[in-house]
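*Asks:* What follows is a predicted structure for the sequence shown.
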Amino acid sequence: MSNKTYKNSIIGLSVTGVIVLILGIVLSVIPLINSSPEGPVSSQEAVLNKNGALTPLITTSEAESYISLAKNMDKLKNRFPKLLSLYSIGTSEAGRQQLMFSLGNGEKKALIVGAIHAREHITTKYLLKVVEDYCIAYTTTGFHGEYNIKNLLDTYTLYIIPCVNPDGLEIVFSRDKAEDFVKISKLSEYKANKNGVDLNRNFPIAWESINNNVTAPADFYFKGYESGDAKETKNLINLCEENEFDFLISVHIKGNCIFWGDTYNTALNSVYEAFAKDIGNATGLVPASSPTEKPKDYGGGFENWFRHTYNRPGICIELSENENKILPCGNENYTDFYSFVNYSQTSNAIAAAMMSGNK
């Protein structure tokens with residue numbers, strides 16, 4: 001090779017190297033240019049404030065929409081990827097996803113659901129906030145109040161559905177409409193799904209015995225034309241059939257109490273009551289003094305179906321004071337979220353349930 005050819009080869013390689021270097025720099029910068037400050041948080045380090053504490057993502061000042069719920073669940077999943085996974089258990093009557101977190105790394109499983117009744121949408125916010133606070137506690141001190149949440153979430157994996165009834169959520173806030181055949185007396189009191197089925201009267205437990213004089217699709221109390229005929233109900237049944245849950249908590253809003261049993265089958269009621277008392281001691285929620293007696297009150301209920309199908313605790317917790325005259329709808333509930341749901345105490349409910357189930 002001549003000296004001239006050698007020199008030209010060296011120059012060519014140098015130019016190529018410079019071009020490759022420049023391309024590498026450009027390609028590394030492009031993701032930064034395209035990233036949005038509103039997008040999902042990708043790491044814990046990115047959300048530390050100046051004091052080194054985790055900055056909360058979930059705000060409690062207004063209700064979730066279906067879209068904001070999906071976004072917030074995705075953001076939480078991306079912030080805590082070692083603790084949270086995000087799934088859909090299926091679609092609603094209108095085709096919306098019933099979104100679910102799995103939280104924790106344990107072999108035991110439990111199911112927690114909110115907003116099975118559309119008007120009780122503040123339970124969706126409650127569960128989002130509990131998920132975030134448990135994750136923050138796990139990754140920092142390890143404790144949520146007096147509960148060693150790290151140990152509990154290394155023992156349990158929680159399956160959490162913040163909103164069982166996404167169509168109803170959108171109907172309450174007039175972002176969607178129920179089907180024309182649904183009788184609505186007061187939109188703000190809407191409980192049902194898009195087809196006017198009260199999902200908490202639709203499960204196959206004492207369904208035939210429900211006699212509440214509501215025989216057609218309506219804003220609440222219609223049990224469906226057949227047990228389990230709503231898509232949302234079918235999805236929950238399938239989820240329970242595919243997993244061995246130790247317990248179920250269905251979160252509701254009015255009553256400041258815990259419903260733990262009924263008279264359909266009383267064989268294990270003492271076990272269920274003891275479970276409810278453990279949660280009551282941790283939260284200030286008052287366990288019912290006796291099991292629910294009338295089929296119109298317990299028939300078709302999710303937690304009732306779960307108890308009698310799997311012989312395991314299934315409870316309904318009612319977060320707020322029964323005397324509170326503010327209806328569980330509209331943004332007025334969110335201006336005083338923490339006191340309305342008595343969050344400082346009721347946020348212990350799931351931790352206390354894990355403790356009780358782990359005895």
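*Replies:* Received, thanks.
*Asks:* just so I have it, where are all the helices in the stretch 51-200 of the chain?
*Replies:* With DSSP state H, counting those that start in this stretch applied, the stretch 51-200 of the chain shows helices at 66-79, 122-139, 149-155, 166-172, listed in chain order.
*Asks:* Equivalent analysis for the stretch 251-359 of the chain, please.
*Replies:* Counting by DSSP H, counting those that start in this stretch, the helices of the stretch 251-359 of the chain are 269-283, 295-298, 302-310, 337-340, 343-346, 349-357.
*Asks:* buried sites along the fifth one?
*Replies:* To tie it back to what came earlier, the one meant is helix 343-346. Neighbour counts over helix 343-346 (16 or more other CB atoms under 10 Å) mark Tyr343, Thr346 as buried. In this view, the C-beta of every residue, glycine as well, is placed from N, C-alpha and C.
*Asks:* hmm, who's touching that helix?
*Replies:* Tyr126, Lys129, Ala282, Thr283, Gly284, Leu285, Ile317, Leu319, Phe337, Tyr338 (CB atoms under 8 Å, 6 or more residues apart in numbering).
*Asks:* Which among the helices of the stretch 51-200 of the chain is found nearest to Glu244?
*Replies:* Of all these, the one in closest proximity to Glu244, counting by CB to CB, is helix 149-155 (14.6 Å).
*Asks:* Okay, buried residues for that closest one please.
*Replies:* Those would be Ile149, Lys150, Asn151, Leu152, Leu153, Thr155, for helix 149-155 by 16+ other CB under 10 Å.
*Asks:* Can I get that helix in CSV, CA atoms only?
*Replies:* Backbone C-alpha positions of helix 149-155 (Å, rounded to 0.1, in the frame of the first residue of the first chain) are rendered in CSV as follows:
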residue,chain,number,x,y,z
ILE,A,149,-46.0,-3.2,55.2
LYS,A,150,-42.7,-4.6,53.7
ASN,A,151,-43.1,-7.9,55.5
LEU,A,152,-46.8,-8.1,54.6
LEU,A,153,-46.3,-7.3,50.9
ASP,A,154,-43.5,-9.9,50.8
THR,A,155,-46.1,-12.4,52.2
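*Asks:* Check which helices and strands that helix sits against.
*Replies:* strand 97-104, helix 122-139, helix 349-357 (3 or more CB pairs under 8 Å, 6 or more residues apart in numbering; DSSP states H and E).
*Asks:* counting contacts, what elements does the last one pack onto?
*Replies:* Meaning helix 349-357. Against helix 349-357 (3+ CB pairs under 8 Å, 6+ apart) you get strand 108-114, helix 122-139, helix 149-155, strand 156-161, strand 248-254, helix 269-283.
*Asks:* Could you do the shortest one as well?
*Replies:* Judged by 3+ CB pairs under 8 Å, 6+ apart, the packing partners of strand 97-104 are helix 66-79, strand 84-91, helix 122-139, helix 149-155, strand 156-161, helix 166-172, helix 231-242.
*Asks:* if we can go back for a sec, which one of the buried residues of helix 149-155 is nearest to Asn348?
*Replies:* Distances from Asn348 to the buried residues of helix 149-155, taken by CB to CB, are shortest for Ile149, at 10.1 Å.
*Asks:* who's in contact with that closest one?
*Replies:* Contacts for Ile149 were tallied using CB under 8 Å, 6+ apart; they are Tyr134, Ala137, Tyr138, Gly142, Phe143, Ala351.
*Asks:* Lys177 too?
*Replies:* The contact partners of Lys177, by CB under 8 Å, 6+ apart, come to Ile171.
*Asks:* mind running it again at 6 Å?
*Replies:* By CB atoms under 6 Å, 6 or more residues apart in numbering, Lys177 lies in contact with nothing.
*Asks:* Would you tell me which of the helices and strands packed on helix 349-357 gets closest to Ile58?
*Replies:* The closest of the helices and strands packed on helix 349-357 to Ile58 is helix 122-139. By CB to CB, the value is 4.9 Å.
*Asks:* helices or strands next to the closest one in the packing?
*Replies:* strand 108-114, helix 149-155 (3 or more CB pairs under 6 Å, 6 or more residues apart in numbering; DSSP states H and E).
*Asks:* Would you format the ones you listed as JSON lines with mean pLDDT and distance to Glu93 included?
*Replies:* Shown next, in JSON lines, are the helices and strands packed on helix 122-139 (pLDDT from 0 to 100; distance: least, CB to CB, whole Å):
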{"stretch": "strand 108-114", "mean pLDDT": "98", "distance to Glu93": "17"}
{"stretch": "helix 149-155", "mean pLDDT": "98", "distance to Glu93": "33"}
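*Asks:* closest one to Ser92 among those?
*Replies:* Of the helices and strands packed on helix 122-139, the one closest to Ser92 (CB to CB) turns out to be strand 108-114, at 13.8 Å.
*Asks:* tell me the angle the closest one makes with strand 97-104.
*Replies:* 140 degrees (axes from the mean of the first three to the mean of the last three CA atoms, to 10 degrees).
*Asks:* what's strand 108-114 packed up against?
*Replies:* By 3+ CB pairs under 6 Å, 6+ apart, strand 108-114 packs against helix 122-139, strand 156-161, strand 248-254.
*Asks:* repeat that for 7 Å
*Replies:* Secondary-structure packing of strand 108-114 (3 or more CB pairs under 7 Å, 6 or more residues apart in numbering; DSSP states H and E): helix 122-139, strand 156-161, strand 248-254, helix 349-357.
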